[in-house]
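Enquirer: Provide a 3D model corresponding to the input given below.
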Amino acid sequence: MNKSYRSIWNESLGAWVAASELTSARGKRSSVAVAAGTAILVFAGLGSSSAWALACSQNLGGPTPGTISTGNGTGTGEFCQATGNQGLILIANPDNNGTGEDMLLRGGGVNGGAGVRDFFRGNNDGAGTVISIGNPGTVAANSNLIYGTTRVIGSELLAGTNVGATTASGDIFNSKYFRVNSTAAAASAAATDAVAIGNATSGQEGVAIGIGARSTAWLGGVAIGSGAVADQTSTTTAATGGIAIGNAAQTTNASTNGIALGNNAVVSNPRSIALGNNTTTAAANATTGATIGGVAYTFAGAAPVGVVSVGNATETRQVTNVAAGRVTSTSTDAINGSQLFATNTAIGSVSTSTSTGIISLSTGIGSLSTGVSSLSTSTSTGIGSLSTGLSSTISGVTSLSTSTSTGISTLSTSTSTGLSTAVSRDASLSTGISSLSTSTSTGIGSLSTGLSSTTSGITSLSTGVSSLSTSTSTGIGSLSTGVSTTNSSVTSLSTSTSTGISTLSTSTSTGLSTAVSRDASLSTGISSLSTSTSTGIGSLSTGLSSTTSGIASLSTGVSSLSTSTSTGIGSLSTGVSSLSTGVSSLSTGVSSLSTGVASLSTGVSTTNSSVSSLSTSTSTGIGSLSTGVSSLSSSVSSIYNTGTKYFHANSTGADSIASGANSVAIGQAAASGGTNSVAVGNGATTTLANSVALGAGSKDTVGA
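Expert: As a prediction, the model looks like this:
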């Protein structure tokens, strides 16, 4: 701007002041006035040593404003007078030389204002209300008087000279809202751009405000408070940027850009904040995630650059009145107590539901245990009945074995005896043997039929046992043992019977073969006897014919013939007698054969009775076994189809599978694969040891 000014009225000073010619103004009531803050321009220009341009004007209806003078010279005019080198008198009453009320002057050697570059505002040559800036004056002031030896205005403000170095006395140090009461050492702002306020404070390119020799701010730091320290004694090339506010508050060497707020608050870590009395800081701990319940979670937020502390290890504080923070996967807001309460309430509800479910599960398992116990009892009862039936069957089989063995032995003995007797006798042995063969075949057929019935019963028993094995795996062991015993007994019986029948068949076959062979021999003998007899009789007839012819021819030899005939007839009688004896012996043999056949029939009859007894016993045992199996099947079927008390299932889906050791699987397609695991629910699956999957489709696997 140029060096032209205009005079305007300052209401707060109650006087005219110099202002820029560009400044707008309003009148004092009807006069000119200045906007707030324009008077400061006076002080901005007062520091220059160049020539001055004066503007004396007013709107008071008075004379024309005085002459404006520029340069080193004298300006005169109404209401405006400036005389002397570098002199300036602005706004004064018509009194010459700047005397009178509302005087504003600045200049060296100006009348009424002693000293160089003095500034007065007041009445009667400085008397009254005065503002004085300059060398020690002699003006007595009623108020607002500043005494000092050094003042800086204008360009000298940048020369590094301490500003306001003065004794703290006078009304200005006791004005409203501002008090100073100290006679101690002055503050020191030793470095460029430093600010120091307070007793013995020191600012080293920083700001220090406080009382005490230790209030020090280093390299861009700020220390406010008695003994406050914003320090970086070991760094000489970069500022810490630390802020310490409070008695003995500190931001230490390592705490770049730290903030300590409070008495004895100490920040020891970069970019950290200590809030409150005796608060300290420690290094930040980066926490990027955690594993909870076997599930890994990742936390939001970047790595921490510092900490905010509100206490120390032994003195802690609550942080209260915290607004509710956002609860999302990316939130880094603080969470208050009410949000945690809501979370705890939800967890409590889950806990209650889980507890109720576990109680229900426990009840269901208890009911299942009762059902299994009832099943076990029913199975045990059925197996007991089956065992009784098997015992009866075994007894019957034993009796059958004994009877069969006895019958076969008797039959063998009788057959052997009869056959031995029959070997030497009777031409009708063939017929008897045929009857014996037929009777034996019939008896063996009956025995075979009885054994078939026994085999059928055993087959039915095997089928029943198989069904029982399918329905109840627990009872199978005992049942299998009983069936094994029965099978062993039946096998033994079958072996004994087979052996006996084989022996009987062999003996019978051998006997029959022998009898047939002997019969053939006997028939041959009888045939030979018949032939011989016929031949003898033929010979006899021939002899008799010859004799008759001889008698007729030889009448002389009658006496000799009679003797010979008598001898021949005697021999014939002897032969006939021998023939009669042989026939009698044959009759005796046939009788013995008949007796043997009768004994054989008796033996076969006994065998049939034993087989009948075996059939009856076997039938009774199988009937009891069938009844026991039927009862067991009914119990198992009832449990399978309708359930039992406190335990029911309504499903046609796939069965559950418990493949893990000591595991339990309940529900359609439930699978417990882990050791000691429990899977309950449709499709529930466990694969881990000691785990529980509760509910349809639940799994015990770990998610990400």
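Enquirer: bridging residues for Asn10?
Expert: Beta-bridge partners of Asn10, counted by DSSP bridges, are Ala15.
Enquirer: Please verify my assumption that it contacts Val17.
Expert: Yes. The pair Asn10 / Val17 is scored as a contact, 4.6 Å apart, by Cβ atoms under 8 Å. For the C-beta atoms, the positions are set from N, CA and C on the backbone; glycine is no exception.
Enquirer: Wasn't Gly623 part of a helix?
Expert: Yes. With DSSP: H, G, I helix; E, B strand; the rest coil as the criterion, Gly623 is part of a helix.
Enquirer: quick one: it and Ser630, what's the gap?
Expert: Distance from Gly623 to Ser630, counting by Cβ to Cβ, to the nearest Å: 10 Å.
Enquirer: show me what contacts Ser672?
Expert: Taking Cβ atoms under 8 Å, 6 or more residues apart in numbering, we find Ser672 in contact with 656-660, 663-665, 678-679, 685-686, 693.
Enquirer: Buried subset of the residues you listed, written for PyMOL?
Expert: In PyMOL, this line selects whichever of the contacts of Ser672 come out buried by 16 or more other Cβ atoms under 10 Å:
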select buried, resi 656+658+660+663+664+665+678+679+685+686+693
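Enquirer: Just grab the bridge partners of Ala274 for me.
Expert: In beta-bridge terms (that is, DSSP bridges), Ala274 pairs with Ala260, Ser309.
Enquirer: please begin residue numbering at 86 from this point
Expert: From this message on, residue numbering opens at 86, which makes the last subject Ala359.
Enquirer: distance of it from Val292?
Expert: 19 Å.
Enquirer: Name the residue in those two with the higher neighbour count.
Expert: Neighbours were tallied for Ala359 and for Val292 using other Cβ atoms under 10 Å; the higher tally belongs to Ala359 (32 against 20).
Enquirer: Just confirm Ser719 is within a helix.
Expert: Yes. With three-state DSSP as the criterion, Ser719 is assigned to a helix.
Enquirer: tally of neighbours for it?
Expert: The number of residues packed near Ser719 is 12, by other Cβ under 10 Å.
Enquirer: Per-residue pLDDT of it, please?
Expert: On pLDDT, Ser719 comes in at 73.
Enquirer: give me every residue that touches it.
Expert: No contacts exist for Ser719 under Cβ under 8 Å, 6+ apart.
Enquirer: Pull up the gap between it and Ser447, please.
Expert: Distance from Ser719 to Ser447, by Cβ to Cβ: 30 Å.
Enquirer: Asn332 too?
Expert: According to Cβ to Cβ, Asn332 and Ser447 sit 66 Å apart.
Enquirer: With Thr691 instead?
Expert: Counting by Cβ to Cβ, the gap from Thr691 to Ser447 is 67 Å.
Enquirer: same deal with Trp101?
Expert: Separation of Trp101 from Ser447 (Cβ to Cβ) stands at 101 Å.
Enquirer: ok, these two, which is more surrounded?
Expert: Remark: of Trp101 and Ser447, Trp101 carries more neighbours, 25 against 10, as counted by other Cβ under 10 Å.
Enquirer: Give me the phi and psi for the closest residue to Gly782 other than its chain neighbours.
Expert: Spatial nearest neighbour of Gly782, excluding adjacent residues (Cβ to Cβ, 6 or more residues apart in numbering): Gly768 at 4.8 Å. Backbone torsions for Gly768, taken as degrees, to the nearest 10, come to phi 80, psi 10.
Enquirer: so Asn354 is in which element?
Expert: According to DSSP states H and E, Asn354 maps onto no helix or strand at all.
Enquirer: burial count for it?
Expert: Neighbours of Asn354 under the rule other Cβ under 10 Å: 22.
Enquirer: isn't it right up against Thr365?
Expert: No. Counting by Cβ under 8 Å, Thr365 is not a contact partner of Asn354; they are 9.6 Å apart.
Enquirer: Tell me the buried residues in stretch 356-364?
Expert: Neighbour-count burial for stretch 356-364, counted by 16+ other Cβ under 10 Å, picks out Arg356, Ser357, Ile358, Ala359, Leu360, Gly361, Asn362, Thr364.
Enquirer: tell me the two of those that are most distant?
Expert: For those, the farthest-apart pair by Cβ to Cβ is Arg356 and Asn362; their separation is 21.8 Å.
Enquirer: Could you list the domains of this protein?
Expert: Domain ranges of the chain: 86-264, 267-368+391-403, 461-616+663-727, 734-789, per automatic domain parsing.
Enquirer: Quick check: mean pLDDT of the last one?
Expert: Yep, that's domain 734-789 we're talking about. Mean pLDDT, domain 734-789: 88.
Enquirer: What of the first one?
Expert: For domain 86-264, the mean pLDDT works out to 48.
Enquirer: count of neighbours near Val407?
Expert: Neighbours around Val407, by other Cβ under 10 Å: 14.
Enquirer: Tell me the predicted confidence for the closest residue to Gly451 other than its chain neighbours.
Expert: Leaving aside its chain neighbours, Gly451 sits nearest to Tyr731 (7.3 Å; criterion: Cβ to Cβ, 6+ apart). pLDDT, Tyr731: 73.
Enquirer: Phi, psi for Tyr731 please.
Expert: phi 70, psi 0.
Enquirer: Near it, how many other residues are there?
Expert: 13.
Enquirer: ok, Gly752 - contacts?
Expert: Gly752 touches Ser741, Ala764, Val765, Gly766, Asn767, Gly768, Ala769, Ala781, counting by Cβ under 8 Å, 6+ apart.
Enquirer: Compute the distance between the last one and Ala755, please.
Expert: Put plainly, it is Ala781. Applying Cβ to Cβ, the value for Ala781 to Ala755 is 9 Å.
Enquirer: the more surrounded of these two?
Expert: Ala755 (25 against 14).
Enquirer: The more buried one touches Val763, doesn't it?
Expert: No. Judged on Cβ under 8 Å, Ala755 makes no contact with Val763 at a distance of 9.5 Å.
Enquirer: three-state assignment of Ile443?
Expert: Per three-state DSSP, Ile443 ends up helix.
Enquirer: That one - how many residues pack around it?
Expert: Counted with other Cβ under 10 Å, Ile443 comes out at 12.
Enquirer: ok, now Thr737?
Expert: Neighbourhood size, Thr737 [other Cβ under 10 Å]: 5.
Enquirer: want to throw the contacts of Ser757 into a markdown table with secondary structure and distance to Val280?
Expert: Shown next, in a markdown table, are these (DSSP: H, G, I helix; E, B strand; the rest coil; distance: Cβ to Cβ, whole Å):
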| residue | secondary structure | distance to Val280 |
| --- | --- | --- |
| Ser741 | coil | 83 |
| Ile742 | strand | 83 |
| Ala743 | strand | 83 |
| Ser744 | coil | 82 |
| Gly745 | coil | 78 |
| Ser748 | coil | 79 |
| Val749 | strand | 80 |
| Ala750 | strand | 81 |
| Val763 | strand | 75 |
| Ala764 | strand | 76 |
| Thr770 | strand | 74 |
| Thr771 | strand | 73 |
| Ala778 | strand | 72 |
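Enquirer: Nearest to Asn735 among the contacts of Ser757?
Expert: Ser741 (14.4 Å).
Enquirer: Over to the closest one: give its phi and psi.
Expert: When read as degrees, to the nearest 10, the backbone of Ser741 gives phi -80, psi 160.
Enquirer: Contacts only, for it.
Expert: Per Cβ under 8 Å, 6+ apart, neighbours of Ser741: Ala750, Ile751, Gly752, Gln753, Ala754, Ala755, Ala756, Ser757, Ala764.
Enquirer: Just the closest of those residues to Ile282, please.
Expert: Ranked by distance to Ile282 (Cβ to Cβ), those are led by Ala764 at 77.4 Å.
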